[in-house]
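K.L.:
model this:
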Amino acid sequence: MSWFLLVCAGVLEVVWAYFLKQSHGFSRLGPSAATLAAMGVSFFLLALAMRSLPLGTAYMVWTGIGAVGAFAVGVLVLGEQAGGLRLLAAGLIVAGLVLMKLADGR
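P.N.:
Got it, this is the predicted structure:
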């Protein structure tokens, strides 16, 4: 259950990053409110997951999902450039997440 909560928290990190971009520096009310709501729920789920997962593992997975997810949303939704090196960097983050999960053994 902790891993499920952690993945949900990571997905919500992607959501709040997207809406943060859409808020234009918190100058638009709707996206700003969505950013703050997604942040709050993301942090709450992360805290619940950390009840049984190690700090380093939980935080690395949470930020990794957020980083790769935000990159993917930027490329797929916002039309940002992917580029070979950027794709390699995202792949290395995913590889690190897989290794962290394997090292945790849960």
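K.L.:
CA atoms only for stretch 37-57 - export them in CSV, please.
P.N.:
Output of stretch 37-57 as CSV, limited to C-alpha atoms (Å, rounded to 0.1, in the frame of the first residue of the first chain):
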residue,chain,number,x,y,z
ALA,A,37,-4.4,21.5,-4.0
ALA,A,38,-2.3,19.0,-5.9
MET,A,39,0.7,20.0,-3.8
GLY,A,40,-1.1,19.5,-0.6
VAL,A,41,-2.5,16.0,-1.5
SER,A,42,0.9,15.0,-2.9
PHE,A,43,2.7,15.9,0.3
PHE,A,44,0.0,14.2,2.4
LEU,A,45,0.3,11.0,0.4
LEU,A,46,4.1,11.2,0.6
ALA,A,47,3.9,11.5,4.3
LEU,A,48,1.7,8.5,4.6
ALA,A,49,4.0,6.4,2.4
MET,A,50,7.0,7.5,4.6
ARG,A,51,5.4,5.7,7.6
SER,A,52,6.8,2.5,6.3
LEU,A,53,9.2,3.4,3.5
PRO,A,54,12.8,4.6,4.1
LEU,A,55,13.2,8.4,3.8
GLY,A,56,15.8,8.2,1.0
THR,A,57,13.8,5.7,-1.0
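K.L.:
what about the residue nearest to the spatial centre of the chain, which helix or strand?
P.N.:
The chain has residue 66 as the residue nearest its centroid, 1.7 Å off, counting by Cα atoms, centre = their mean. Secondary structure assignment for residue 66, by DSSP states H and E: helix 55-76.
K.L.:
Past that helix, which element shows up next along the chain?
P.N.:
Tracing the chain past helix 55-76, the next element assigned as helix or strand by DSSP H and E is helix 84-104.
K.L.:
Would you pull up how far that following helix lies from the middle of the chain?
P.N.:
Distance, stretch centre to chain centre, for helix 84-104: 13 Å (Cα atoms, centre = their mean, to the nearest Å).
K.L.:
Check which helices and strands it sits against.
P.N.:
Here helix 84-104 touches helix 55-76, going by 3 or more Cβ pairs under 8 Å, 6 or more residues apart in numbering; DSSP states H and E. The C-beta positions use only the backbone N, C-alpha and C, and glycine is treated the same way.
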